[in-house]
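Asks: Sequence first, then the predicted structure, then my questions.
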Amino acid sequence: LESFRTAIKWPTFNPDSNLNCVELLFGEQYTKKPARRPKGAVSLGLTPYKTTGKRTKLWEVVEARGLTSAFNPSADRESLEVLAEMYDSEEVTMLRDFRFLHRVGTSVLRPPTEESVDSEDTEDLEYDSGLLHFVMKDGRVHSKYSQTKETGRASSWQPPLMNLSKKRDIDYRRILGDKYTKPIRAVLKASPEHLFVESDFSGAELLAMAVQASDRDMIDMCLSSLLPESDPRHRDLHSMVAINAFQLRDEEGKPLRPTKGALKKAGHEEKRDIAKPVDFGYAYGMTEDAAYRKIREVLGSRATLEDARLVFRSLEETCPRLPQYFSDARKCVTSPGFLINCYGRLRRFQKVFDAKQIDDQERQAMNFPIQSAIADAMSEAMHQFWAYREKYGKGSKSKTKWYWFVLQIHDSLLLEVPIKAVEWVMKEVVPECMSRRVEMVPCHLDGFPREDPNAPYHLGFESKVYESYGLALKDDELKSKYGICL
């Protein structure tokens, strides 16, 4: 931090202060308050990327409409990512990386207290917060869980282990380089004579969208995507949307095969990458501006608003039942004032008259039937795992048929399994409890089932085995090291 302050000639610069960051990045004319930047300190004079607020807007759109005085420029993580790439600025890059490391260092990876570091007994360090603060005498971290969110999704705290995701690995790797040899979540290790087995739903949100909208083509595509890519029936929705959006053709002028591998081979992998976040974001009421920002994360400055429009149009043409379904979901906010998902979970909406509040609730209504369906499917899967273990594993003294629940993160479940039971869990328990016993049926928005001769539907899944969480073992490693044949 001191070297950064020296570089920008601002001894008191506070990276946690949004006002300081706005002055540094854009200039004090955007803060609407007296300048805090000392005389001679650096101001980069960049053009803002987007506004602050719950529903952000692109600054170029706000500027074109002459509304800059009504909005404040954002200096959040996304803005710093874009500005660093757009201007190739060392100062923006340093600020982005420092804020990320500072946030990690004061939360998950908080260092030990100064008192314990200064003491003679360095083997007994004390932590007043962070992950290591919650390590118990048994060497484990016992997080607290709640399932009381309206969508049915679980949340964890003390510590929030759900935040140990792989999404920020790219940031650690960029900052630390070769020093970053293992993901942060690898600090969680299986007990001796045990391994972790992680199973997560595959393409669950897309299948839920397809089933609830009764979009036959989309359902078929989601189910076929669960087949091996070598299977000629395999089709991938993200690839199909990209192919239709950008008219991707082979050397003979024919549409490419809608698979991830086919697009990669043809040099169009990034086209699929920009379709993917839009496909998922559609159920959240994603706007074209928001889609453009997601596409920028892939294409950088090469992204255009027209890319977002093409992908939106392609998705609605590929899955024609989606627009009407989500339009009907939005209407439920005002009449009848509630909706019910396919597992019977009800969501009520307050009667409001403010246009912004109505819009917020309408976007929640779009997302609720999908997000809550996956949450309820996971709850059902966890129940099935427990019931299966109680029926077939209870009393197993040799522990050849047993497992423990370790962690649940949204649509994935982490089990700790005795080495002798890994094959049983992977080959028998997971397929039974994650898929065959978890049913999804299409329903109207009032909760009553739709007629569908092909129902019920079953979610797909993927499973991995770890010694340390996040470092998946390959099949040959499992066989040579543990004699496990999958």
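Replies: Looks like it came in fine. Numbering: from 1, shown residues only.

Asks: Arg302: neighbour count?
Replies: By the criterion of other Cβ atoms under 10 Å, Arg302 has 10 neighbours. From N, CA and C alone the C-beta is placed, and that goes for glycine too.

Asks: go on, Leu346?
Replies: 13.

Asks: wouldn't Glu198 be in contact with Tyr466 here?
Replies: Yes: Glu198 lies in contact with Tyr466 (Cβ atoms under 8 Å); the separation is 6.8 Å.

Asks: okay, stretch 45-58 in PDB with CA atoms only?
Replies: Output in PDB follows, covering the C-alpha atoms of stretch 45-58 (Å, rounded to 0.1, in the frame of the first residue of the first chain):
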ATOM      1  CA  GLY A  45      -8.700  11.300 -15.800                       C
ATOM      2  CA  LEU A  46     -10.300   8.100 -17.100                       C
ATOM      3  CA  THR A  47     -13.800   7.900 -18.500                       C
ATOM      4  CA  PRO A  48     -16.100   5.900 -16.100                       C
ATOM      5  CA  TYR A  49     -17.300   2.500 -17.200                       C
ATOM      6  CA  LYS A  50     -20.600   2.200 -15.400                       C
ATOM      7  CA  THR A  51     -22.800   3.800 -12.700                       C
ATOM      8  CA  THR A  52     -23.200   2.700  -9.100                       C
ATOM      9  CA  GLY A  53     -26.500   1.200  -7.800                       C
ATOM     10  CA  LYS A  54     -28.400  -2.000  -7.800                       C
ATOM     11  CA  ARG A  55     -29.200  -1.800 -11.500                       C
ATOM     12  CA  THR A  56     -26.100  -0.300 -13.000                       C
ATOM     13  CA  LYS A  57     -26.000   1.500 -16.400                       C
ATOM     14  CA  LEU A  58     -23.200   1.800 -18.900                       C
END
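
Asks: which residues does Pro323 contact?
Replies: Counting by Cβ atoms under 8 Å, 6 or more residues apart in numbering, Pro323 touches Glu316.

Asks: Take whichever strand or helix holds it, keep the C-alpha atoms, and write them as CSV.
Replies: Secondary-structure assignment from DSSP states H and E places Pro323 in helix 322-331. Coordinates of each C-alpha in helix 322-331 appear next as CSV, following Å, rounded to 0.1, in the frame of the first residue of the first chain:
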residue,chain,number,x,y,z
LEU,A,322,-38.9,-18.7,-22.7
PRO,A,323,-40.1,-15.0,-23.3
GLN,A,324,-43.8,-15.8,-22.7
TYR,A,325,-43.0,-17.9,-19.6
PHE,A,326,-40.9,-15.1,-18.0
SER,A,327,-43.5,-12.5,-19.0
ASP,A,328,-46.2,-14.5,-17.2
ALA,A,329,-43.9,-14.8,-14.2
ARG,A,330,-43.5,-11.0,-14.0
LYS,A,331,-47.3,-10.5,-14.2
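
Asks: Quick check: which element contains Arg37?
Replies: Here Arg37 is assigned to no helix or strand, by DSSP H and E.

Asks: confidence score at it?
Replies: We have a pLDDT of 87 for Arg37.

Asks: Can you measure across stretch 316-328, start residue to end residue?
Replies: 15 Å (Cα to Cα, to the nearest Å).

Asks: Quick check: buried residues in that stretch?
Replies: Judged by neighbour count using 16 or more other Cβ atoms under 10 Å, the buried positions of stretch 316-328 are Thr318, Cys319, Arg321, Leu322, Tyr325, Phe326.

Asks: quick one: which of the residues you listed is nearest Leu19?
Replies: Nearest to Leu19, judged by Cβ to Cβ, of these is Phe326 at 38.6 Å.

Asks: Contacts only, for that closest one.
Replies: For Phe326, the contact set (Cβ under 8 Å, 6+ apart) comprises Ala213, Tyr282, Ala283, Gly285, Met366.

Asks: Need the nearest residue in space to Thr47, chain neighbours excluded.
Replies: Using Cβ to Cβ, 6 or more residues apart in numbering and skipping residues adjacent in sequence, the residue nearest Thr47 is Trp59, 6.8 Å away.
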